[in-house]
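A.B. asks: Got a sequence here, can you build the structure:
(chains A and B)
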Amino acid sequence: GENVEQHPSTLSVQEGDSAVIKCTYSDSASNYFPWYKQELGKGPQLIIDIRSNVGEKKDQRIAVTLNKTAKHFSLHITETQPEDSAVYFCAALGPGGSYIPTFGRGTSLIVHP
Amino acid sequence: KAGVTQTPRYLIKTRGQQVTLSCSPISGHRSVSWYQQTPGQGLQFLFEYFSETQRNKGNFPGRFSGRQFSNSRSEMNVSTLELGDSALYLCASSPDRVGEKLFFGSGTQLSVL
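C.D. replies: Okay, the predicted model is just below:
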């Protein structure tokens, strides 16, 4: 089955800096890669997603890049703000796993004011 | 539009008991999926229902079961509770395609004593 590894597990940055979180996946058939943000006491919230036919996608301060050859995708957050502090999860899914999402273990992002 | 609603928010049970968790999806969403979140194992897929039929099932024992009603509301049942079942149980709904564009509820925190 699919295996997703996420790094780093903890990321501490100063307000205004950029943050990058990277995930690698094992199943070359996976074709959908979402990112979720989970704040304390809440469920995960979809913040951006990308399909395998696209190399990059941006939404204001957030961007995701996908390298299908290397089987990795990354979340980029620019101009970080304290409210970006949360746990971020990546996931991968596709026909090989019956479109069941496999999640990374999460990255705790801390943005210091 | 109301979000995904999960009840109860917190639950304390003892070993051997059974528990039923409830989930009301976003209006119009026909797919409901359930996940277990623990510090040790992360986010793991339990099962997914679409139009009252189970479409996918994760790698969990038969003590974990679910169902979906004609109004898309879903319930999850865990019988013969074990200490290791202590977790945050999350429900997510999506418009159609399994695993994509998931909208999560805030979860039910289950503690088994």
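A.B. asks: going forward, measure contacts and count neighbours with C-alpha atoms only.
C.D. replies: Fine.
A.B. asks: and the residue lying closest to A:Glu56 once chain neighbours are set aside, how many neighbours?
C.D. replies: Closest residue in space to A:Glu56, ignoring its immediate chain neighbours: A:Thr65 at 4.4 Å, by CA to CA, 6 or more residues apart in numbering or on different chains. Applying other CA atoms under 10 Å in any protein chain shown, we find 19 residues neighbouring A:Thr65.
A.B. asks: same check, this time on A:Ser28
C.D. replies: 14.
A.B. asks: what pairs with residue 10 across the strands?
C.D. replies: This is for chain A. With DSSP bridges as the criterion, A:Thr10 is bridged to A:Ser108.
A.B. asks: that answer is for a different chain, and I need it for chain B
C.D. replies: Those that pair with B:Tyr10 in a beta bridge, by DSSP bridges, are B:Gln109.
A.B. asks: Might one say that it is in contact with B:Leu110?
C.D. replies: Yes: here B:Tyr10 reaches B:Leu110: they are 6.1 Å apart, a contact under CA atoms under 8 Å.
A.B. asks: more neighbours, those two?
C.D. replies: Neighbours were counted for B:Tyr10 and for B:Leu110 using other CA under 10 Å; B:Leu110 has more, 19 against 11.
A.B. asks: Touching the helix or strand that A:Ile110 is a member of from outside, list them.
C.D. replies: Using DSSP states H and E, A:Ile110 sits within strand A:107-112. Applying CA atoms under 8 Å, 6 or more residues apart in numbering or on different chains, the external contacts of strand A:107-112 come out as A:6-15, A:21, A:80-89.
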